[in-house]
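Participant: Here is a sequence together with a model predicted from it:
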Amino acid sequence: MTDDINELPFGSPLVPELLDQDTKISFKCYPGISCFNACCKQSSIQLTPYDIIRLKTNLGMTSTEFLKEYTVPDTMDGHGMPSVKLKTMDESPACKLMVEGEGCSVYEDRPTACRYYPVGLMNMKKKDEKEDEQHHFVVREGHCKGHDEKNEITIAEYRKQQGVVEYDDINRDWYRIILKKRSGGPSIGSLSDMSLQMFFMASYDVDRFRRFVLSEGFANNYNVDADTIKSFENDDVALVQFGFKLMLQVFYGDKSIDEKDGAYNKRMEERKEILEFRKEAELKEWKGKNDAYEIEQEKVEEEKK
């Protein structure tokens, strides 16, 4: 039996030893430990949707401003599934949000990966099982001395201590989207450019997604009650979780949002037109390259003569 695995927030080609909530680890990090901030100086932090909500609120910015100022684009897989990482200092791998000698400048709103370290979250879905499972594993890096501290704690206690339970609960459907994408293999493969743009907006740019949900175009396609729509004006968490459900419905058919009569067929027809236009453009581009190649080959043959 094969398990489909989605690793967050850490990625690795190896399958580590999986731990349950009652597994005990020995770890402690605190100001004054010899390696304090060493992990922040070797930063590669992939952000989740709730991370961005907490960070942009802490910094008093819109999500669009935060993404521009504090993140760099990245991808999760070979099909271009978009992700974002925290920017590092100029000419240094140190996190841009770290203050030398003081530590994290946004500690109360630090990202999921920072809260979990040195524990990793792994979402798994067994073949033929409908529900996914969450497991954990320990990351050991040479610079980290926290493992040498005599502080025994269970995974459940550590997650609660670090305040990461709330993050996982809010991001849960987002993890499911990524897991479905990875576990689907060739049957899902690459999402369309339009779907990738929607994934980026609904996952990371919550303020831009808000404008989309409050637009007339959205209202023409979906039946969402007025009170719920009104709540999206000020509630980032409710909005982003609605976005997860919308993506699960649009990408994978997990219908939980009522669509207006004919909206689906109309959307499919619009997509069909876009796909046909794209196909024609690709064929035109291919023909142009092929004609240029043939002309070049003719020149080579002429020169040989």
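Facilitator: Sure, I can see it.

Participant: And the strands in the stretch 51-200 of the chain, which stretches?
Facilitator: Along the stretch 51-200 of the chain, counting by DSSP state E, counting those that start in this stretch, strands occupy 71-75, 82-86, 98-99, 103-104, 119-126, 133-138, 152-154.

Participant: Give the buried residues for the fifth one.
Facilitator: For strand 119-126, a neighbour-count test (16 or more other Cβ atoms under 10 Å) marks 119, 120, 121, 122, 123, 124, 125 as buried. C-beta coordinates here come from the backbone N, C-alpha and C atoms, glycine included.

Participant: where do the helices sit along the stretch 1-150 of the chain?
Facilitator: Here the stretch 1-150 of the chain has its helices, by DSSP state H, counting those that start in this stretch, at 49-58, 63-70, 112-116.

Participant: Quick one: closest of those helices to residue 37.
Facilitator: helix 112-116 (11.3 Å; Cβ to Cβ).

Participant: Mind listing what's buried along the closest one?
Facilitator: Counting neighbours by 16+ other Cβ under 10 Å, one finds that the buried residues in helix 112-116 are 112, 113, 114, 115, 116.

Participant: What's the separation between residue 243 and residue 158?
Facilitator: Distance, residue 243 to residue 158, by Cβ to Cβ, to the nearest Å: 29 Å.

Participant: State the mean pLDDT of stretch 226-240.
Facilitator: The pLDDT scores in stretch 226-240 average 96.

Participant: follow-up on the earlier one: which member of the buried residues of helix 112-116 is positioned nearest residue 18?
Facilitator: Of all the buried residues of helix 112-116, residue 116 has the smallest distance to residue 18: 14.8 Å, by Cβ to Cβ.

Participant: So that closest one sits against residue 165, correct?
Facilitator: No: counting by Cβ atoms under 8 Å, residue 116 does not reach residue 165; the two are 10.9 Å apart.

Participant: list residues touching both of these two?
Facilitator: In terms of Cβ atoms under 8 Å, 6 or more residues apart in numbering, residue 116 and residue 165 are both contacted by the residues residue 159.

Participant: If residue 24 is in a bridge, with which residues?
Facilitator: Taking DSSP bridges as the rule, residue 24 bridges to residue 154.

Participant: ok now do it, which residues does it touch?
Facilitator: Neighbours of residue 24 in contact, by Cβ under 8 Å, 6+ apart: 152, 153, 154, 155.

Participant: Next one: it from residue 248, what distance?
Facilitator: In this view, residue 24 and residue 248 are 35 Å apart by Cβ to Cβ.
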